[in-house]
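Engineer: Show me how the following folds:
(2 chains)
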Amino acid sequence: MSAGSLSEEKPWKLNDLNYSVPEHAEWFGYSIGGTVVVGFILLIFTGIIMALFYMPSVDGARNSVLKLSAAPLGLWIRSFHRWTAEAVTFLVILHLSRIIFTGSYRGSRKLNWIFGVFLLFVTVGFFFTGTVLKWDQEGFEAYEHVVDTIKVIPLIGVQLASVLGGTLIVMRVFATHALVLPVLLGLFLLPHLALMKLNGLSPLPWRSSERTSTFFAHMGKVLWFSMIIYGVIAFLAAQFPAVLYPGPYSGVEMTKPPWLFLVLYALEDWIGLYALLIAPLIILAGLLAVPYIDRSTSINSTIRKVIVWGYILAVSILIFLIIYVGASPPVKHLGMG
Amino acid sequence: MKRFVYFLLTLVFLTVVAFNGYAHEGDDKEKPHKVTSETIKGGHSGDTSQLKKASGHNEQAEAAEQNTMEKDFQTIRREVARSTLFIVIKALALAVAIAGIALVYLKRDKQGGTE
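Structural biologist: Numbering: from 1, shown residues only, chains lettered A, B, ... in the order given. So this is what the prediction gives:
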């Protein structure tokens, strides 16, 4: 490259980011992903504050959560973190639903769909490890379920469970929540955003947008929607603080998992611990297979209708099971094989 | 549109059915005990008598511990019962939100046609 060509390069400006996007980028349905990113930023900020108080040990974890709750604004920060985690999971499911309904997983967006599915599982992983970290009765029972589920893995299960268990367990879960999962989040989120820029925002399925907007206008709408959503979350955190159960006690099962995991809880009740091992794998495989099953280019294709109605049926069953188990008393699973 | 009405009606119906719980309680096999690093080192047997002997536990302390545990269990049961309403609200909110998104995008999808 000659010196002359270097001097001809235009300096980068912030306005370069303000490229054209379709007008529907300003709609809520196409801004949900952005609100999820804002949620993760809020979770990182509140998580850092909480980490300053947290003691990742079997004997100290719950007490440190109590100390945080007693500090000025401590209970609200913990409650906001918990409510935001729930909202982010909720929004991720909505984002996934919008992608399914608009068929935005097809063609060149196939790879981005795969990154998105992994991001869903990372989000669920955050939610689960965060629950365990409280190290109260709910957190301990969640941990015990994982240990017993690992034990049912053929050949290596028992050895693996003994390696993962032990007195350092809280430290390991903390490392997973605060180091491993954030790294995975970055690894999947960066290409997810880069591919979105590369492919452009997915078009509306029923017509091509004639009018355009700008990326900054889209970001403005994302921030506006986020302010409303997380404003409500801030209110809920103040009105309904996050629960910290007593305990933990071994030998009893008295709690139920957070709402998201109640589906697995029901399956575990009917099938046993194998359900906790197999059901997530089936869900993962099913979601990853979506763009490979639906290769159609028409929005009215039969296979796309099958995907859409199959998804609606799956979500209906999921919601039914959440309500069904949510309204039922807790039951004992561990030690039942 | 009709299909979504059916979908929502089914959900409402299932919600009512859901209140008929299915649980089978009260088959705890292990004696409940507080989890500490000492009990974890000793495995999940639930037998903490040796540990208690070693740490000089007497009957009075044990009775006080039992009392605390019972109180904790009552608190847990109360909080679990209280969480039911929130679970149902969250699940229904998710159902309504997904139905809303489906209504916006699939309805227009049907009206539109070409890509």
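Engineer: show me what contacts A:Pro22?
Structural biologist: Counting by C-beta atoms under 8 Å, 6 or more residues apart in numbering or on different chains, A:Pro22 touches A:Gly200, A:Leu201, A:Pro203, A:Leu204, A:Ser209, A:Arg211, A:Thr212, A:Ser213. Glycine gets a C-beta too; all of them are placed from N, C-alpha and C.
Engineer: again, only this time at 7 Å
Structural biologist: Counting by C-beta atoms under 7 Å, 6 or more residues apart in numbering or on different chains, A:Pro22 touches A:Leu201, A:Pro203, A:Ser209, A:Thr212, A:Ser213.
Engineer: List buried residues within these.
Structural biologist: With neighbours counted by 16 or more other C-beta atoms under 10 Å in any protein chain shown, the contacts of A:Pro22 contain buried members at A:Leu201, A:Ser213.
Engineer: from the stretch 101-250 of chain A, which residue is nearest to chain B?
Structural biologist: Closest contact between the stretch 101-250 of chain A and chain B, by C-beta to the nearest C-beta, is at A:Trp206 (2.2 Å).
Engineer: does stretch A:32-44 come close to chain B?
Structural biologist: No. Under the criterion of C-beta under 7 Å from any C-beta of the partner chain, stretch A:32-44 makes no contact with chain B; the nearest approach is 8.6 Å.
Engineer: pLDDT at the residue of the stretch 101-250 of chain A closest to chain B, what is it?
Structural biologist: Listed pLDDT for A:Trp206 reads 72.
Engineer: do A:Ile282 as well
Structural biologist: Per-residue pLDDT puts A:Ile282 at 93.
Engineer: Mind giving me the packing neighbours of the strand or helix carrying it?
Structural biologist: Assigned by DSSP states H and E, A:Ile282 falls within helix A:274-293. Contacting helix A:274-293 under the criterion 3 or more C-beta pairs under 7 Å, 6 or more residues apart in numbering or on different chains; DSSP states H and E are the following elements: helix A:110-133, helix A:137-151, helix A:262-271, helix A:302-326.
Engineer: so what does the shortest one touch, helix or strand wise?
Structural biologist: Going back to what we said before, that points to helix A:262-271. Judged by 3+ C-beta pairs under 7 Å, 6+ apart, helix A:262-271 is in contact with helix A:274-293, helix A:302-326.
Engineer: ok and it relative to helix A:274-293, angle-wise?
Structural biologist: Interaxial angle of helix A:262-271 relative to helix A:274-293 (axes from the mean of the first three to the mean of the last three C-alpha atoms, to 10 degrees): 120 degrees.
Engineer: how about helix A:262-271 as CSV, C-alpha atoms only?
Structural biologist: C-alpha atoms of helix A:262-271 as CSV (Å, rounded to 0.1, in the frame of the first residue of the first chain):
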residue,chain,number,x,y,z
LEU,A,262,-40.6,-26.0,36.3
VAL,A,263,-40.9,-27.9,33.0
LEU,A,264,-37.9,-30.0,33.9
TYR,A,265,-39.3,-30.4,37.4
ALA,A,266,-42.5,-31.9,36.0
LEU,A,267,-40.6,-34.2,33.6
GLU,A,268,-38.4,-35.3,36.5
ASP,A,269,-41.5,-36.2,38.5
TRP,A,270,-42.8,-38.4,35.7
ILE,A,271,-39.6,-39.9,34.2
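Engineer: Mind listing what's buried along that helix?
Structural biologist: So for helix A:262-271, counting by 16+ other C-beta under 10 Å, buried means A:Leu262, A:Val263, A:Leu264, A:Tyr265, A:Ala266, A:Leu267, A:Glu268, A:Asp269.
Engineer: Can you list the low-confidence ranges for chain A?
Structural biologist: For chain A, the stretches with pLDDT under 70 are A:1-8, A:207-210, A:333-337.
Engineer: quick one, what contacts A:Pro248?
Structural biologist: Residues near A:Pro248 by C-beta under 7 Å, 6+ apart: A:Trp135, A:Asp136, A:Gln137, A:Gly139, A:Phe140, B:Val35.
Engineer: before we move on, back to that, so which of the helices and strands packed on helix A:262-271 is the most surrounded?
Structural biologist: helix A:302-326 (a mean of 19; mean count of other C-beta atoms under 10 Å in any protein chain shown).
Engineer: Counting by contacts, list what that one packs against.
Structural biologist: Packed against helix A:302-326 by the contact rule (3+ C-beta pairs under 7 Å, 6+ apart) you find helix A:74-102, helix A:262-271, helix A:274-293, helix B:2-18, helix B:59-111.
Engineer: Just put those helices in JSON lines and tack on distance to A:Asp16.
Structural biologist: Output for those, formatted as JSON lines (distance: least, C-beta to C-beta, whole Å):
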{"stretch": "helix A:74-102", "distance to A:Asp16": "27"}
{"stretch": "helix A:262-271", "distance to A:Asp16": "45"}
{"stretch": "helix A:274-293", "distance to A:Asp16": "31"}
{"stretch": "helix B:2-18", "distance to A:Asp16": "43"}
{"stretch": "helix B:59-111", "distance to A:Asp16": "32"}
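Engineer: Looking at those helices, which one is packed in the most?
Structural biologist: Sort the helices and strands packed on helix A:302-326 by mean neighbour count, taking mean count of other C-beta under 10 Å, and helix A:74-102 sits at the top with a mean of 22.
Engineer: on contacts alone, who are the packing partners of it?
Structural biologist: The contact analysis (3+ C-beta pairs under 7 Å, 6+ apart) places helix A:74-102 against helix A:32-51, helix A:61-70, helix A:110-133, helix A:215-239, helix A:302-326, helix B:59-111.
Engineer: and the angle for it with helix A:110-133?
Structural biologist: Orientation check (the same axes, to 10 degrees): helix A:74-102 against helix A:110-133 gives 150 degrees.
Engineer: tell me the angle helix A:74-102 makes with helix A:215-239.
Structural biologist: Using the same axes, to 10 degrees: helix A:74-102 against helix A:215-239 is 130 degrees.
Engineer: B:Ile40 - how many residues pack around it?
Structural biologist: Neighbour count of B:Ile40, defined by other C-beta atoms under 10 Å in any protein chain shown: 18.
Engineer: I'd assumed A:Val170 was in contact with it.
Structural biologist: No. Assessed by C-beta atoms under 7 Å, B:Ile40 is found out of contact with A:Val170, at 9.8 Å.
Engineer: Find residues that contact each of the two.
Structural biologist: Jointly contacting B:Ile40 and A:Val170 under the rule C-beta under 7 Å, 6+ apart are A:Val58.
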